[in-house]
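Asks: Based on what follows, work out the 3D shape:
(one chain, ligands or ions: 1)
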Amino acid sequence: MSLSLTRSLQQIRFATIHHSADVGVPVNLEQLKKRLASHNERHKGRNYPSTKGEFGYKFLLYSFAVAGDGQWLQTQDLKYQLYHATDWYKGTESSNQWGFGILLEGNFEVEQPTQGQLESAAQIIYKFNRENNTRLIVRGHREFAAPRFATACPGEFMGLSTDPSSKLSWIIQRVNNLSGVAAPAPMPEPGGTFATATAILNVRTGPGTGFPKLGQLKKGQVIRVTEQLKGEPVDGVATWCKFWFNGADGFVHSNWLAAVSVPETETETGPEPETEPQVSANFVLGAGRRRHSDPRRGLR
Ligand SMILES: [Zn+2]
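Replies: Sure thing, here's the model as predicted:
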């Protein structure tokens, strides 16, 4: 199976840090390439979906890889939506769809990443930010992963982005220092309800049509609703839904959202593709939700 889903560089918003869990940080590029070739062969044997292999690795899920001495190389074209972060169902918050993976080779459950690896991860992200005029949200794989794909990646020694003393936080702070800017707003804590837009929807900065537009959701785009609150009534319904949108709080009216149920029972240990989220057509997020057949009415 070959991967067909692509995206533009302008749509990329996340960088996900990974380790490989293979013990032994490769000391240089030559050693790293040997390791990558072995990952690639292993994935090939498991019938991972493949890319065209523009950078020589058709079956790798990561877009960059970093050796112990800090030398790094690109391993996939950034246009591909790859199954590295096990978070496909998260829609607008999915790093599979809207992010890329950086592999710091080694097993950071049992060994430390090198300073060269941390610095290069920061440089890769900084370079992407600068070239694309963006500010990527940086997290470890385990902070993106769906509950049923719980993982230790990128390991205890890398730590969590929420711990300011972790090595992962060092990378994030280093990017901010290089950029001369403060960190963007973090993603909210896990929880909330997943929902999909049933029409094209304007995302606003507050719960009413008078608030400025932050952007738009496409029909079918999935969001994680962190709060439902009362706002401007639309067709007699006052419920608006708050969610995290590109580093800010975004609001959409509940009339054009349908809940998405996320299956939690699978015990898949191999790669994704993950199960598509199930949309329950009759689920009502806000009380008194009405059905609308005119899609233009979704643009609240
Ligand atoms: Zn990982």
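Asks: Name the residues that touch the longest strand seen in the chain?
Replies: Once the chain is assigned using DSSP state E, the strand that runs over the most residues is strand 222-234. With contact meaning C-beta atoms under 8 Å, 6 or more residues apart in numbering, strand 222-234 is reached by 89-94, 188, 191-197, 206-210, 217, 238-245, 251-255, 257, 260, 277, 285-286, 300. Glycine gets a C-beta too; all of them are placed from N, C-alpha and C.
Asks: hmm, which of these are the buried ones?
Replies: Burial by neighbour count, judged by 16 or more other C-beta atoms under 10 Å, picks out 89-94, 192-197, 206-208, 217, 238-245, 251-255, 257, 260, 277, 285-286, 300 from these.
Asks: and the residues you listed, which of them are in strands?
Replies: 193-197, 217, 238-245, 251-253, 257, 260.
Asks: thinking again about what came up before, grab the CA positions of the longest strand of the chain and hand them over as CSV.
Replies: Provided in CSV are the C-alpha atoms of strand 222-234 (Å, rounded to 0.1, in the frame of the first residue of the first chain):
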residue,chain,number,x,y,z
VAL,A,222,-12.2,16.8,13.8
ILE,A,223,-11.7,19.0,16.9
ARG,A,224,-11.3,18.3,20.6
VAL,A,225,-14.0,20.3,22.5
THR,A,226,-12.6,21.3,25.9
GLU,A,227,-15.6,23.3,27.1
GLN,A,228,-19.2,24.0,26.1
LEU,A,229,-20.5,27.4,27.1
LYS,A,230,-23.3,29.8,26.7
GLY,A,231,-22.9,32.4,24.0
GLU,A,232,-24.8,34.2,21.4
PRO,A,233,-28.0,32.2,20.5
VAL,A,234,-28.1,31.0,16.9
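Asks: tell me how far it is from the chain's mean position?
Replies: Mean-position distance between strand 222-234 and its chain equals 22 Å (C-alpha atoms, centre = their mean, to the nearest Å).
Asks: Stretch 159-177 now?
Replies: Offset of stretch 159-177 from its chain centre (C-alpha atoms, centre = their mean): 17 Å.
Asks: how about that stretch, does it reach the ion?
Replies: No - using C-beta under 5 Å from the ion, stretch 159-177 never reaches the ion; the gap is at least 12.4 Å.
Asks: neighbouring contacts of that stretch?
Replies: Contact with stretch 159-177 is made by 17, 112-113, 118-119, 121-122, 125-126, 129, 136, 138-140, 142-143, 154, 157-158, 182-183, 186, as judged by C-beta under 8 Å, 6+ apart.
Asks: What would that stretch look like as PDB? C-alpha coordinates only.
Replies: Taking C-alpha atoms only, stretch 159-177 is exported to PDB below (Å, rounded to 0.1, in the frame of the first residue of the first chain):
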ATOM      1  CA  GLY A 159      10.800  13.500  29.600                       C
ATOM      2  CA  LEU A 160       7.600  15.500  29.100                       C
ATOM      3  CA  SER A 161       7.100  18.900  27.600                       C
ATOM      4  CA  THR A 162       5.100  19.900  30.600                       C
ATOM      5  CA  ASP A 163       8.200  19.400  32.800                       C
ATOM      6  CA  PRO A 164      10.400  22.600  32.500                       C
ATOM      7  CA  SER A 165      13.500  20.700  33.600                       C
ATOM      8  CA  SER A 166      13.200  17.900  31.000                       C
ATOM      9  CA  LYS A 167      15.400  17.500  27.900                       C
ATOM     10  CA  LEU A 168      12.300  17.800  25.800                       C
ATOM     11  CA  SER A 169      11.700  21.200  27.300                       C
ATOM     12  CA  TRP A 170      15.300  22.100  26.700                       C
ATOM     13  CA  ILE A 171      14.600  21.600  22.900                       C
ATOM     14  CA  ILE A 172      11.500  23.700  23.100                       C
ATOM     15  CA  GLN A 173      13.200  26.500  25.000                       C
ATOM     16  CA  ARG A 174      16.200  26.400  22.600                       C
ATOM     17  CA  VAL A 175      13.900  26.900  19.600                       C
ATOM     18  CA  ASN A 176      12.300  29.800  21.400                       C
ATOM     19  CA  ASN A 177      15.700  31.300  22.200                       C
END
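Asks: Before I go, just wanted to say thanks for your time.
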